[in-house]
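S.K.: no sequence on hand, only this structure:
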């Protein structure tokens with residue numbers, strides 16, 4: 001029972017930063033995903049994964065996410081060769 005869903009403060013965010021609270025509809029999407037029936041087709045399967053070009057051109061403020069994506073197995077398999 002130790003969950004963020006028991007803590008209203010988690011959803012409120014940092015009151016000193018405007019817009020830091022979690023948006024109600026975003027939380028709804030997460031909760032509905034958590035209750036998704038196992039055999040129901042997931043619409044997210046239609047959303048494409050990032051390409052190497054998209055990852056390499058990400059904004060500087062996404063560097064942590066970029067590094068995370070670069071560690072994915074699909075990018076490890078297609079690592080650029082030293083011949084280029």
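M.R.: Sure, I can see it. These numbers were taken from a predicted model, which means no experiment stands behind them.
S.K.: what's the burial count for residue 30?
M.R.: The local packing of residue 30 (other C-beta atoms under 10 Å) involves 11 other residues. Quick note: C-beta positions are derived from backbone N, CA and C, even for glycine.
S.K.: gap between whichever strand or helix holds it and the chain center?
M.R.: For residue 30, the element it lies in under DSSP states H and E is helix 24-34. In terms of C-alpha atoms, centre = their mean, to the nearest Å, the centre of helix 24-34 is found 13 Å from the chain centre.
S.K.: just the buried positions in that helix, please.
M.R.: Within helix 24-34, no residue counts as buried by 16 or more other C-beta atoms under 10 Å.
S.K.: show me what it is packed up against.
M.R.: For helix 24-34, there is no helix or strand it packs on, judged by 3 or more C-beta pairs under 8 Å, 6 or more residues apart in numbering; DSSP states H and E.
S.K.: mean confidence score for the next helix or strand after that helix?
M.R.: Using DSSP H and E, the next helix or strand after helix 24-34 towards the C-terminus is helix 52-56. Mean per-residue pLDDT for helix 52-56: 95.
S.K.: for helix 52-56, which outside residues touch it?
M.R.: 66, 69, 70, 75, 78 (C-beta atoms under 8 Å, 6 or more residues apart in numbering).
S.K.: helix or strand next in line after that helix, which one?
M.R.: helix 63-70.
S.K.: tell me which residues are up against that next one.
M.R.: Helix 63-70 is contacted from outside by 50, 55, 56, 58, 75, using C-beta under 8 Å, 6+ apart.
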